[in-house]
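Visitor: what follows is a predicted protein model with its sequence.
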Amino acid sequence: MTDSLDSITSGAIFNAAQSPTPNVHAKTRAQAREAAEEFEAMFVQQMVEQMWSGVETDGEFGGGNGEKIFRSLLNEQYSKNIVTGGGIGIADNVYREILKMQDIAPE
């Protein structure tokens, strides 16, 4: 019984010693995907802000610092929703480039 337990334990240790790389790559891929999507969201946010830059506010009840802050937050949310909905394709390219820079084969 002890021999079989020792062989199972040593086998598990051997397998764990050989396989940290796939776990690291999986984590790195997830981090790379997240970074790529955040980059695309920032890019899209800049586009959305430019879109709203020419829009006039409503006379008496519009404008001011409060509207600037909330419009910025709204633009940020718009950009996140655009990226979550499929984006404009920048995140996929950035993701591949991040993996290439880290010498990780794409999925």
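Guide: Ah, there it is.
Visitor: who touches R71 in this structure?
Guide: Applying CB atoms under 8 Å, 6 or more residues apart in numbering, we find R71 in contact with W52. (Each C-beta comes from the backbone N, C-alpha and C, glycine too.)
Visitor: for it, which three-state class applies?
Guide: Three-state call for R71 (DSSP: H, G, I helix; E, B strand; the rest coil): helix.
Visitor: ok, V55 next?
Guide: coil.
Visitor: and it, its phi and psi?
Guide: phi -80, psi 130 (degrees, to the nearest 10).
Visitor: next SSE downstream of the lowest-mean-pLDDT helix or strand in the chain?
Guide: Across the helices and strands of the chain, mean confidence by mean pLDDT, DSSP states H and E is lowest for helix 2-18: a mean of 46. Going down the chain from helix 2-18, the next helix or strand is helix 20-52, by DSSP states H and E.
Visitor: which non-adjacent residue is nearest A32?
Guide: Residue nearest to A32 in three dimensions, not counting chain neighbours: I98, with 4.2 Å by CB to CB, 6 or more residues apart in numbering.
Visitor: now do Q102
Guide: Using CB to CB, 6+ apart, the closest residue to Q102 is T28 (6.4 Å).
Visitor: and the pLDDT at the one you found?
Guide: At T28, the pLDDT value in this model is 86.
Visitor: can you tell me how far it is from I90?
Guide: 20 Å (CB to CB, to the nearest Å).
Visitor: and those two? Which one has more around it.
Guide: I90 (17 against 14; other CB atoms under 10 Å).
Visitor: quick one: that one and E37 touch, right?
Guide: No - judged on CB atoms under 8 Å, I90 makes no contact with E37 at a distance of 9.2 Å.
Visitor: with that, I have no additional questions.
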